[in-house]
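Asker: Show me the folded form of this:
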Amino acid sequence: MLPDDLAMAAADDALVVSPRVRIPRRELEIRAVRARGPGGQHVNKSATRVEIVWAPGASTAFDDVTRERVVAYFARRLDKTGRMRIASDTHRSQLMNRLEAEERLVTLVRRAIVPPKVRRPTKPTRASVERRLDAKRREGARKQERRRPHDE
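Answerer: All right, here's what the predicted structure looks like:
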């Protein structure tokens, strides 16, 4: 997201995940804290690291079915209160870190809202069943030949 995109995003006040899913910015808790990493002395006095805290279970961006899917997808990322945290401190600019964190959140939510593919069980073909049984017979015959001859 570029600064021009930020102006457009601020205008409609929602993170656009898909045409149907928009996360209202009021649901996001955005905080700036002191970062580590590049910046020299600058890093010690500037709050450039951005953390976004969001509770997908309480979000109004989804219908009930999608919300359950998203919460299940993020289950390992959620804390005890059901909130997830995304942080960025790769840039020296707070704005760039905020844009990166928002983009990361959007990317994760896009993955989470995709419904899983329904597995349709298939039936093996008659030819494949015959090949499997034929192979079993050949293997059994080979093992039979390895046995010691039986005296009668």
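Asker: contacts, neighbours, all on C-alpha from now
Answerer: Noted.
Asker: can you pull out the helices in this protein?
Answerer: 3-12, 42-45, 64-73, 94-113, 126-146 (DSSP state H).
Asker: Just name the most buried of those.
Answerer: helix 94-113 (a mean of 18; mean count of other C-alpha atoms under 10 Å).
Asker: Could you save the helices of the chain as CSV and add columns showing mean pLDDT and distance to residue 30?
Answerer: Shown next, in CSV, are these (pLDDT from 0 to 100; distance: least, C-alpha to C-alpha, whole Å):
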stretch, mean pLDDT, distance to residue 30
helix 3-12, 51, 14
helix 42-45, 70, 19
helix 64-73, 91, 20
helix 94-113, 93, 8
helix 126-146, 95, 58
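Asker: Turn the ones you listed into CSV, columns for distance to residue 52.
Answerer: Formatted as CSV, these follow (distance: least, C-alpha to C-alpha, whole Å):
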stretch, distance to residue 52
helix 3-12, 16
helix 42-45, 20
helix 64-73, 17
helix 94-113, 7
helix 126-146, 54
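Asker: Mind checking those helices for the one nearest to residue 19?
Answerer: Closest to residue 19 of the helices of the chain, according to C-alpha to C-alpha: helix 94-113, at 11.0 Å.
Asker: so how far is the closest one off the chain centroid?
Answerer: From the chain centre to the centre of helix 94-113 is a distance of 12 Å (C-alpha atoms, centre = their mean, to the nearest Å).
Asker: what angle sits between it and helix 64-73?
Answerer: 110 degrees (axes from the mean of the first three to the mean of the last three C-alpha atoms, to 10 degrees).
Asker: Contacts for helix 94-113, please.
Answerer: Contacts of helix 94-113 with the rest of the structure, by C-alpha atoms under 8 Å, 6 or more residues apart in numbering, involve 1-2, 6, 15-18, 32, 47-52, 66, 69-70, 73-74, 86-91.
Asker: Ok, stretch 26-37 next?
Answerer: The contact list for stretch 26-37 (C-alpha under 8 Å, 6+ apart) reads 43-55, 59, 89-90, 94.
Asker: rerun that using 6 Å as the cut-off
Answerer: Contacts to stretch 26-37, defined as C-alpha atoms under 6 Å, 6 or more residues apart in numbering, come from residues 46-54, 89.
Asker: taking the contacts of helix 94-113 one by one, which sit in strands?
Answerer: Those of the contacts of helix 94-113 mapping onto strands are 15-16, 32, 49-52, 86-88, per DSSP state E.
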